[in-house]
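Peer 1: this is a predicted model, with the sequence first.
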Amino acid sequence: MLATNSSVIELENLQKIYHAGEVEIRAVDGVSLRIGRGEFVAIMGSSGSGKSTLMNTLGCLDQPTTGRYLLKGVDVAKLTRSELSQLRNQKIGFVFQSFNLLSRTTARENVELPLFYTNPHVPMRERQQRAIECLKKVGLGDRIHNHPNQLSGGQQQRVAIARALVNEPELVLADEPTGNLDTRTSIEVMELFKSLNDGGITIVMVTHEPDIAAYCKRIIVMRDGQVIRDEPNHSRLLAIEQMAQLS
Amino acid sequence: MKLLPMFTASVIKTALTTMIAFSALRRNKLRSTLTALGIIIGVASVITIMAIGRGTQQRIQDQISSLGSNLLIVFSKSRRDNATASVNHESSNLTIQDVEAIRREISSVKAVSPEVAQNVQALANGRNSMTTIVGVSPDYLRIRDWRLTSGSMFTERELRNAARVAVIGSQTARELFGPIDPVGQSVRIKNMPFTIIGLLESKGAGMGGANQDNRLIIPYTTAMRQLTGDEYPSLVMLQIRSAEFMSAAEEQITALLRQRHRLSDGRKNDFEIVNQKEIADTVENITSMITYLLGGIAGLSLLVGGIGIMNIMLVNVTERTREIGTRIAIGARPSDILLQFLIESITLSLIGGSAGVGLGYAASAACSMIPNFHPIVSTGSVILAFGISFAIGVFFGFYPARRAAHMNPIAALRFE
Ligand SMILES: Nc1ncnc2c1ncn2[C@@H]1O[C@H](COP(=O)(O)OP(=O)(O)O)[C@@H](O)[C@H]1O
Ligand SMILES: [Mg+2]
C-alpha cells in the first residue's frame, strides 16, 4: 500500500454504463489508472470516447457503475454526500470549458465562491484576501472588481482557474479548458497550468488538440470508453518552446 | 457541550447563505420588485381593511360606552311599538311607580332615572336654538357618566318640587349664550322661564350619530307636568353596581315588572330590557366577523402573490441551472442550495411584506380623510402580515428550491 500514498488517483476497472432506452452505453468501459502527485496528464480521444464521463467520476460528480476509485487512498464510494461536497471543495479544483462564472458578480466574488462552502467557516477578510492573492497568481491583480462581461475569454478562464485554486487543492480537473479560446489565449492558459504544475499541483485535463496536449507530461488516449494509449510526453519541452514562439 | 459551536456554525451558514441570496436578488432588481408587488398589494390591503374594521369597531364601541357603564335600559313595548300602542294602554306602560319600585326593591341597582324627551325651541338673549329637553332624575348624569364643566345638577328636592331648573348641553349653551358661562342665566321654553344651574361637558355624537350636546336636562316631574304632558316615561335607565350583577339584575327587574303589571305566566313581557354589554358584544361580534371576512378576501391576493413568487423562483432556478451546477461542483451541498433559494424567496416575500405594511399605513392614513372612517392599524395585524409573508416565502419557495437542490450537477453544467 506504499504506492497508494504517493498516488492522487487510483482507478480499478472503472465502468460507467448509461441506459438510453433499450440501448446500453458503456461511456467508460473498464479503465484502470494510477495518477501520482505532481503529474500533468492530458486525456485525448474523439468526441464520445468517454473523456468527460471519466472526468466527472474523477471529480466525484458522478458515481461509477462498477469499479473502484481511490482519491488519495480514500474509497470515494464510502463517503456521504456531504463528505463528497467537502472533498470537491477542498481537494479538487474544477475548470470548465465554458468558464461558468457568475455574471454580474465581480472577479473577486467569483473566486471567493468556493470558500463560502468551506467547513470550517472562512472569515470574510480571509476569503477576500485569498481571492485577491489567487487573482494575482493568474495575472489578474488589476481586474479584481471587473465583471465577467468586462473580461476577455482568456481572462475569464483565468478567473475560473483562480477560483479552482482558491482552496489550495491538490488536484485540478479541467475538461477542455481551452475549447472556447483562440490559439494565443490557449497558450496563455497552458503556460499558467504549467507554472501551477511546476508548483506541485496535480493536473488532469481533457483536450482535443495535440498542441495543447503537448504541454502535459503524460498523454492518455481513449476510444469507446477504454484507454488505448497511455505514455509519457517525451517531446514536451521542445513542443512548449515551439508553442511559445507562436504567440 | 457541542451544541453551541454547532449552533454558531449554523448561524454563520445561514448568514452566508443570506448574503448569497441577497446578491442574487440585487442582480435582478426589476424582476424582484415586480415579483414582490403581489405580496405588497396583498399585505397592504389586508392591513388597510383590518385597520378600517378596527377603527369602525372602536368608534361603535366608543358610542356604546358613551351611554355610561353597566347600563340597563327598560323600554315599554307599547311605547316602542306604535301599532299596539292603543291596545291595553294602561297596563302596558312603565310608570313612575315602577321606577320607584325598582329603586326600592332591587339592591344591585345603583342609580335609576326615567327619561322623557321632546324637541323644543329654547329662547334666551334674543337668540333661539332647536334643542331637546330631557326630563330625568338627579341620578341621570351619574348613570350616563356625564360630567359638568360648571354649576351643579338639580337635587331631589328640586325634582319633588318640579322646579324650573335646567342643565344645559355645551352646543345649546354656545348657541344661546356664546362663550360666556350660562350658569345663572335664564332660558325660555314654551314661554316658561328656566334657570340654568349647570353646564355639561361636551360628549359628541351618541349611538346612531345623534348629537348629545344639544340638550336641556330638567327634572322629569317638571317635564311631564309642565311641558310634555306625558303620563309615562318613555324609558328607564338603570346603572347596576358592577358588571357581574347585570344578568341577575335583569332577571329581578323582569320578575318585579311582570308582577307589577300582573302578567300571568303564559303572557309575554310588555316591556323590554336592553343590556349595554349585550349590545356591545353583539356589535363587536358582527364587526369583527365582517373585518375578518374582508381581511380573508384581501388575503386571497396574498395567495396570488405567493404563486407569483413560486413562478418567478422556478424561472430563476431554470435560468441559473449552470450556476447551480457550478456551485455543486465547487462544494455546495444540496442543503446549501435549498437554503439559498429558500432564503431568496423568503427575502423576496418579506421585502414585499414590509413594503406592504408601509403601503398599508399610507392607505390607512389616506382613508382617515374620508368622513366616518377612522382606521386603526394594530400591531397585531402588522405582525400577522409579516408572519404570513414569511410563511408564503417558505411555502411557495420550497418547491423551486427543492428542484434546485436535487439537480444533477453534470446535467446542470451541460445545460444550455
Ligand atoms: N447522461 C447520459 N445519458 C446517456 N448517455 C450518456 C450520458 N452522458 C454521456 N453519455 C454517452 O456516453 C458516451 C461518452 O460521452 P462523454 O463522456 O461526454 O464523451 P466525450 O467527453 O469524450 O466526448 C457518449 O456516447 C455519450 O453519448
Ligand atoms: Mg466531453
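Peer 2: On my side now, so go ahead. Ligands and ions are numbered 1, 2, ... in the order given.

Peer 1: taking the centroid of the chain, which residue is nearest it?
Peer 2: All of this is about chain A. A:Leu173 (1.3 Å; CA atoms, centre = their mean).

Peer 1: please refer instead to chain B.
Peer 2: Geometric middle of chain B (CA atoms, centre = their mean) lands on B:Gln57, at 1.8 Å.

Peer 1: doesn't B:Glu284 make contact with that one?
Peer 2: Yes. Assessed by CB atoms under 8 Å, B:Gln57 is found in contact with B:Glu284 at 6.5 Å. Heads up, the C-betas are built off the backbone N, CA and C, glycines and all.

Peer 1: contacting residues for B:Val43?
Peer 2: Neighbour list for B:Val43: B:Leu302, B:Gly352, B:Gly353, B:Ala355, B:Gly356, B:Val357, B:Leu359, B:Gly360, B:Ala385, B:Ile388, B:Ser389 [criterion: CB atoms under 8 Å, 6 or more residues apart in numbering or on different chains].

Peer 1: what segments of the chain are helices?
Peer 2: Reading this off chain A. Ranges of helices in chain A, per DSSP state H, are A:2-6, A:51-58, A:81-91, A:107-116, A:124-137, A:153-165, A:183-198, A:210-213, A:236-246.

Peer 1: that answer is for a different chain, and I need it for chain B
Peer 2: For chain B, the helices defined by DSSP H cover B:3-27, B:29-65, B:77-80, B:96-105, B:140-144, B:156-160, B:170-177, B:220-222, B:246-260, B:276-319, B:321-329, B:334-367, B:379-405, B:409-414.

Peer 1: what number of residues lie near the nearest residue to the residue nearest to the centre of chain B once chain neighbours are set aside?
Peer 2: Distances taken as CB to CB, 6 or more residues apart in numbering or on different chains place B:Thr287 nearest to B:Gln57, at 4.2 Å, with adjacent residues excluded. Here the number of neighbours of B:Thr287 (other CB atoms under 10 Å in any protein chain shown) works out to 18.

Peer 1: B:Thr287 reaches B:Ile52, doesn't it?
Peer 2: No. Using CB under 8 Å, B:Thr287 is not in contact with B:Ile52; the gap is 10.4 Å.

Peer 1: state the distance from the residue of chain A found nearest chain B to A:Ser235.
Peer 2: When scored by CB to the nearest CB, chain A has A:Asn89 as its residue closest to chain B, at 2.6 Å. Going from A:Asn89 to A:Ser235 by CB to CB, to the nearest Å gives 37 Å.

Peer 1: more neighbours: the two, which one.
Peer 2: Ranked by neighbour count (other CB under 10 Å), A:Asn89 and A:Ser235 place A:Asn89 first, with 22 against 9.

Peer 1: what pLDDT does the more buried one get?
Peer 2: Note on A:Asn89: pLDDT of 97.

Peer 1: from B:Met19, how far off is it?
Peer 2: Taking CB to CB, one finds A:Asn89 at 18 Å from B:Met19.

Peer 1: what comes up buried for stretch B:375-393?
Peer 2: B:Pro375, B:Ile376, B:Val377, B:Ser381, B:Val382, B:Leu384, B:Ala385, B:Phe386, B:Ile388, B:Ser389, B:Ile392, B:Gly393 (16 or more other CB atoms under 10 Å in any protein chain shown).

Peer 1: in chain B, which strand is the longest?
Peer 2: Using DSSP state E, we find that the single longest strand of chain B is strand B:109-124.

Peer 1: quick one: average confidence on stretch B:132-150?
Peer 2: On average, stretch B:132-150 scores 91.
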